[in-house]
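S.K.: Okay, here's the prediction I keep looking at, along with the sequence it came from:
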Amino acid sequence: MKRDLISFALWSRDQIGETFALTERLKSGGLKEYRPLQDRGVALVFERESLRTRVSFEVGVAQLGGHPIFLQHETIGIATRESVHDIGQVLSVYNALIVARTTKHQTCVQLAESAAVPVINAMTDLLHPCQILADAFTLKELGRLSPERRIVFLGEGNNIANSWLELARKLPLHLVLSCPDGYEPHPQILEEAQTAGVSTIEFVQDPVAAVTGADVVYTDVWPEARAGMDIGKRLAVFKPYQVNRALLDHARADCLFMHRLPANRGEEVTSDVLDGKLSVVLHQAANRLHVQKGIIDTMLKATAV
């Protein structure tokens, strides 16, 4: 039976741990000649622009012996020229896997329902599981992935925040969310994470209170101005959540800074923090490659059983 990675809902804590263990072996070079994708295609279906996700998947597929096939929306016409259902079925004939970066989460879900091969969510408007697995692996390497460590997310409760909450249902964490009023994470995902009882999850609207004593501070780009909201009002809403030196003075002295990138310097984060010695953004980006290779192999093995 095939396994997809659309969300963490159907992934157990043990399966995540197995993926991390395999990632460690792949990253250390212990599996240099390992080619589970030898002479097999992997379709990269991208409706959205991408740098790290596209490059890390293309390189990762090639390193595992496969052939990445990049397909933009303009090329195949998702749900316009051809239905999502038909695309999923046809791509399954040619490829061992489908990697989908879609505007709407439901498109990725429909691909997984239609495809006969595993589908990996490479980002939707709701979730970004590959990014968060890479981030969690990064914190694991740095000794910060434990319920004793305070991980603080600042800004809009977007797909990054939602995926952190989903992961908190599987791995024990201490997760603190600090978002402006009206920009909270998906309410159902937040409620399910809180009621699961696996992690300590706090919602602290005041950013200073949220980062006090933080071991990790994570932020993401601010959202576009909503209809009827001018740029000045948007900046006023989010300015208190900017990660700068003054805000980080309230965190632990060795607090790590994380960002999925790309970043808008001077908005959600200042350049001195983004480029600072405690920033691990490039470490995160590098681990996208290794973790995604681990995900691919995990899914291939599950599907082969």
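M.R.: Good, I have the coordinates.

S.K.: any idea how far Gly182 is from Glu18?
M.R.: Separation of Glu18 from Gly182 (CB to CB, to the nearest Å) stands at 39 Å. C-beta coordinates here come from the backbone N, C-alpha and C atoms, glycine included.

S.K.: Neighbour count for these two, which is higher?
M.R.: Glu18 (17 against 9; other CB atoms under 10 Å).

S.K.: residue ranges for the strands of the stretch 51-200 of the chain, please.
M.R.: Applying DSSP state E, counting those that start in this stretch to the stretch 51-200 of the chain gives strands spanning 67-72, 95-101, 119-121, 150-154, 174-178, 200-203.

S.K.: Listing partners with orientation, what would you give for the longest one?
M.R.: Okay, so that is strand 95-101. Paired neighbours of strand 95-101 in the sheet (DSSP bridges): strand 41-46 (parallel), strand 119-121 (parallel).

S.K.: quick one: which of those strands is nearest Trp11?
M.R.: Relative to Trp11, the nearest member of the strands paired with strand 95-101 by CB to CB is strand 119-121, separated by 11.6 Å.

S.K.: what's the spacing between that closest one and its chain's center?
M.R.: Here strand 119-121 is found 12 Å from its chain centre; the criterion is CA atoms, centre = their mean, to the nearest Å.

S.K.: got a markdown table for the strands of the stretch 51-200 of the chain, with mean pLDDT too?
M.R.: Below are the strands of the stretch 51-200 of the chain laid out as a markdown table (pLDDT from 0 to 100):
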| stretch | mean pLDDT |
| --- | --- |
| strand 67-72 | 96 |
| strand 95-101 | 98 |
| strand 119-121 | 98 |
| strand 150-154 | 98 |
| strand 174-178 | 98 |
| strand 200-203 | 97 |
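
S.K.: Pipe those strands into JSON lines and attach mean neighbour count and distance to Val59 per row.
M.R.: Formatted as JSON lines, those follow (neighbours: other CB atoms under 10 Å; distance: least, CB to CB, whole Å):
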{"stretch": "strand 67-72", "mean neighbour count": "16", "distance to Val59": "8"}
{"stretch": "strand 95-101", "mean neighbour count": "27", "distance to Val59": "13"}
{"stretch": "strand 119-121", "mean neighbour count": "25", "distance to Val59": "15"}
{"stretch": "strand 150-154", "mean neighbour count": "25", "distance to Val59": "28"}
{"stretch": "strand 174-178", "mean neighbour count": "23", "distance to Val59": "30"}
{"stretch": "strand 200-203", "mean neighbour count": "16", "distance to Val59": "35"}
